[in-house]
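Visitor: using only what follows, build the 3D model:
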Amino acid sequence: MHPLKRTFLLVLIAAIPFSLFAAPIATPLPNIVFILADDLGYGSVGCYGAKGVNTPNIDRLATQGRLFRNAYAPGSVCSPTRYGLMTGRYYWRTSVKDGKVLPINAPLHIETNRMTLASLCKSQGYRTAAFGKWHLGMTTDKVTDWTKPLVPGPQQVGFDYFFGMPANLGNGPKSFVQNAELVDLKGAADQKTESDANWPLDAVMPALTRRVTGWLETNSSRPFFVYFAPNAIHEPIVPESRFAKNPYGKYGDFIDELDWSVGQLLAALGRLKLSENTMVIFSSDNGGVVNAGNPNASAAIKAGLAINGPLRGGKHSEWEGGFREPFILRWPNHVPAGTTSDQVICLTDMLATFGELFGVKIPEHNGEDSLTVLRALTEKEPGAPVREQLVLQAADATYDIRMGDWKLVERADPPSFESVRNKRKTEQAANKRRQTAKRADELYNLKADPTETNNVAAANPDRVKALKQALVAARDRGETRGN
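Guide: Numbering: from 1, shown residues only. As a prediction, this is how the structure comes out:
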C-alpha cells in the first residue's frame, strides 16, 4: 500500500456513469493542475538545457519538484496525445489508425461513458475545468454550424467548465467556446464566426491565462482539477509584443510567453495559499517542429536553439524528438524537491496514477493502456522500473515500442488500415505499406545511443524478434495495463 494513502470517504457523483470502488486515499485531497503545452520540444526550456530562453517559472517547478528525463507522449501530434492523456487508452485503438490529428470539425472522439481524468476527479468531489486547446471533437457529427450548441463536448466527459478553442488558432470558428457556445475574448456571446478582426491571435494566450486564474480565484473552496492546454507554442507563433526580446525571434518570444502564463498560475496558487497542497504537472503534447518549412522554428534553430535537445526528429516523426517530452511535477511534502528521474512514464499513465492516489479501481474496458506511476512520481530513491514497455505511434502510422533501454521502429509488415478521412489518404497508406513491405525493422539502444543514429538490428535478431512480438501482442490483445 502506498504510504500516501489514508482512509477517505468516497463521494458519489450520480452523473458519472461508472461504478467506482473506494479504497484508502491521500488526505487531504490534493488540488491538481495539469499544464499541457503545445509543440514544446524537449530542449526548449532552461531546466532541460536550453540557453537563451526565459523560462524561470517552468525552471522553478523543476527546482521545487521532480524533472523526468524519459517521459513520453503516446503520439507525435496532438489529438493522439490528448486522447491518451484523458482516457489512458492509446489513440490507435479507436477508429483513427493513421496517427493523425482529428479534423477541425470532428465529432467528440471520447465516448461519453468512458472514464476520463476529469470524470475520475469529479467522482471524488473535485471541481473540474478545462482551458485552452481541445482538439478532441465536439457534437455527435461533423460540425457544420458553430453557432448551434456544441454538445456533446468537454462537459459530457467530466468537466464542469470549459473555456477554449475547438482546435488550432488559425482554424474555425475563430472564437472561444465556453461550455457549449461561442463567446468572444471576454466571454460574451459571439455569433460572428470566421472573422479575423474579432480574433486577434496575440490576445488568445493572455485571455486564456486570465480565465484560468480567475476560475481558480472563485473555485478553490474544495479540491479542483484544472487542465490547462495553452496554444503556445504551436503555429501561428503569435506572442504579445511585450515579449519581443528573445534571441530566437518570435519562436523564443512565444516560449517566454508560455513561461509567463505558467508563472501567472503559480502566483494565483500562492495568493490563495494553495501551493502546498496542489500537485502541478507541466508537460507537452508532442515534440517541437524541426522541419525546414516552418520559418519561425527554422529561424530559432539557425540562431542556435536545439528545439528537441539532442534527440532525433520532432513533431510528426517516429523518433525520440517527436515523443519524449518535458515532464515536471511539483507537489510539496510528497515529491522530493530538486530531483530528477529516469523512470519511463507516459501521459497515458495519468488515469491509473490518479486512480491509485484516490484509491479507486479503474473499471474494466477503461484506461486500457494506463499504468500507475505514482511510485515514480514520489519515490525518494530510484526504484525498479514502473513500466515494462511503451507503444508509440507517429503521425504517419509508424509504430515504435520501447522496452527498457531498447526501442524498435516497426518498418516490416505494418498493420493495414483504412483512413477515416478520404479515399486519397487510404491510397497513400496502402502505397506506404507497399513501399515498406521489404524494409526491416530498426533497433536502437537509447542508453548507448540516445540520438538513434546506430541501427543495431542486424546484430540483435533475437531482441528484434522479441520486441516485434511484444508490439503485435499489445495491438492484438486490446490493452497493456497488465504488463
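Visitor: what about the residue nearest the centre of the chain, distance to Lys380?
Guide: The centre of the chain sits closest to Asp285, judged by C-alpha atoms, centre = their mean, with a distance of 3.8 Å. Counting by C-beta to C-beta, to the nearest Å, the gap from Asp285 to Lys380 is 30 Å. From N, CA and C alone the C-beta is placed, and that goes for glycine too.
Visitor: wait, what's in contact with the residue nearest to the centre of the chain?
Guide: 36-39, 73, 77-78, 81-82, 229, 325 (C-beta atoms under 8 Å, 6 or more residues apart in numbering).
Visitor: switch the cut-off to 7 Å
Guide: 36, 38, 73, 78, 81-82 (C-beta atoms under 7 Å, 6 or more residues apart in numbering).
Visitor: against Ser175, how distant is the residue lying closest to Ala203 once chain neighbours are set aside?
Guide: Counting by C-beta to C-beta, 6 or more residues apart in numbering, Ala203 lies nearest to Leu185, which is 5.7 Å off, once chain neighbours are set aside. For Leu185, the distance to Ser175 equals 9 Å [C-beta to C-beta].
Visitor: between these two, tell me which one has more neighbours.
Guide: Remark: of Leu185 and Ser175, Ser175 carries more neighbours, 24 against 18, as counted by other C-beta atoms under 10 Å.
Visitor: quick one, helices of the stretch 101-250 of the chain?
Guide: Using DSSP state H, counting those that start in this stretch, the helices assigned to the stretch 101-250 of the chain run over residues 117-123, 204-218, 249-271.
Visitor: which residues make contact with the second one from outside it?
Guide: Residues external to helix 204-218 that are found in contact with it (C-beta under 7 Å, 6+ apart): 129, 131-132, 161, 163-164, 169, 185, 226, 228, 230-232, 240, 257, 261, 264-265, 268, 272.
Visitor: which of these fall within strands?
Guide: 129, 131-132, 161, 163-164, 226, 228 (DSSP state E).
Visitor: ok so, going back, filter the contacts of helix 204-218 down to the buried ones.
Guide: Buried members of the contacts of helix 204-218, counted by 16 or more other C-beta atoms under 10 Å: 129, 131-132, 161, 163-164, 169, 185, 226, 228, 230-232, 240, 257, 261, 264-265, 268.
Visitor: distance of Ala459 from Tyr444?
Guide: Applying C-beta to C-beta to Ala459 and Tyr444 gives a distance of 12 Å.
Visitor: more neighbours: which of the two?
Guide: Remark: of Ala459 and Tyr444, Tyr444 carries more neighbours, 25 against 10, as counted by other C-beta under 10 Å.
Visitor: for the strand or helix carrying the more buried one, packing partners?
Guide: Assigned by DSSP states H and E, Tyr444 belongs to strand 442-445. Using 3 or more C-beta pairs under 7 Å, 6 or more residues apart in numbering; DSSP states H and E, the elements in contact with strand 442-445 are strand 406-409.
Visitor: got the contact list for stretch 37-45?
Guide: 48-50, 53, 55, 58-59, 78, 133, 229-234, 255, 258, 284-289, 306-309, 311, 314-315, 321, 324-326.
Visitor: ChimeraX command for the buried members of the residues you listed?
Guide: Applied in ChimeraX, the following selects the buried portion of those according to 16+ other C-beta under 10 Å:
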select :48,50,53,55,58,59,78,133,229,230,231,232,233,234,255,258,284,285,286,287,288,289,306,307,308,309,311,314,315,321,324,325,326
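Visitor: hmm, back to that, most neighbours, which of the contacts of Asp285?
Guide: Arg82 (29 neighbours).
Visitor: surely it is within a helix?
Guide: Yes. Assessed by DSSP: H, G, I helix; E, B strand; the rest coil, Arg82 belongs to a helix.
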